[in-house]
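A.B. asks: return a 3D structure for these sequence lines:
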Amino acid sequence: MTDQKNQFPQLFLRLALAVTMLSAVADRFGWWSKENSSWGNMESFKEYTRQLTFFLPEALSTVSAYAATFLEILFPLMLIFGFKTKFAAYGSSALLLIFAISMTIASGPKAPLNYSVWVGSAATLLLAVQQHYSLSIDQLTKK
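C.D. replies: Numbers count the residues shown, from 1 in each chain. From the prediction side, this is the model:
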């Protein structure tokens, strides 16, 4: 994915993953219409997170909802700009893998499949192992 002919697919993958993650954040901030929302607000997202993290104390579950939201803003922005792309991709892959496992345990195997969480985790892992990031801040600052 690192030669000249693969610059667009790699950039498309970075942008598609980033926009997908940011869309989930927009949902919990209430920026999507009710017809297009899964949660619609942060309170509903915290309740959903509580279902996924049933094994944690409630306070820790709430912290995890805010931590996930922070990381789902940080990592996609890093991917969009191509800044510390390898770190952002590994972080995104780990975050999505945690979501996928939690969703599978709490809700069964269909839930993460419906939201393509396994695919997102695998795709970010594929992005993470690239040697070169085209059209990125990383490329501009590489010496």
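A.B. asks: so what's the most centrally placed residue in the chain closest to, chain neighbours aside?
C.D. replies: Geometric centre of the chain, nearest residue: residue 21, 4.3 Å, by CA atoms, centre = their mean. The shortest distance from residue 21 to any non-neighbouring residue, by CB to CB, 6 or more residues apart in numbering, is to residue 76 (4.4 Å). Backbone N, C-alpha and C define where each C-beta goes, glycine included.
A.B. asks: and that neighbour, what does it touch?
C.D. replies: If a contact means CB atoms under 8 Å, 6 or more residues apart in numbering, then residue 76 has 17-19, 21-22, 88, 92 as its contacts.
A.B. asks: just the strands in this structure please.
C.D. replies: Using DSSP state E, the chain contains no strands.
A.B. asks: flag the shaky bits of it, pLDDT-wise.
C.D. replies: Judged by pLDDT under 70, the chain has its weakly predicted residues at 1-3, 143.
A.B. asks: the residue nearest to residue 77 when sequence neighbours are not counted: neighbouring residues, count only.
C.D. replies: Counting by CB to CB, 6+ apart, the nearest residue to residue 77 once its immediate chain neighbours are dropped is residue 18, at 7.3 Å. Neighbour count for residue 18, taken as other CB atoms under 10 Å: 21.
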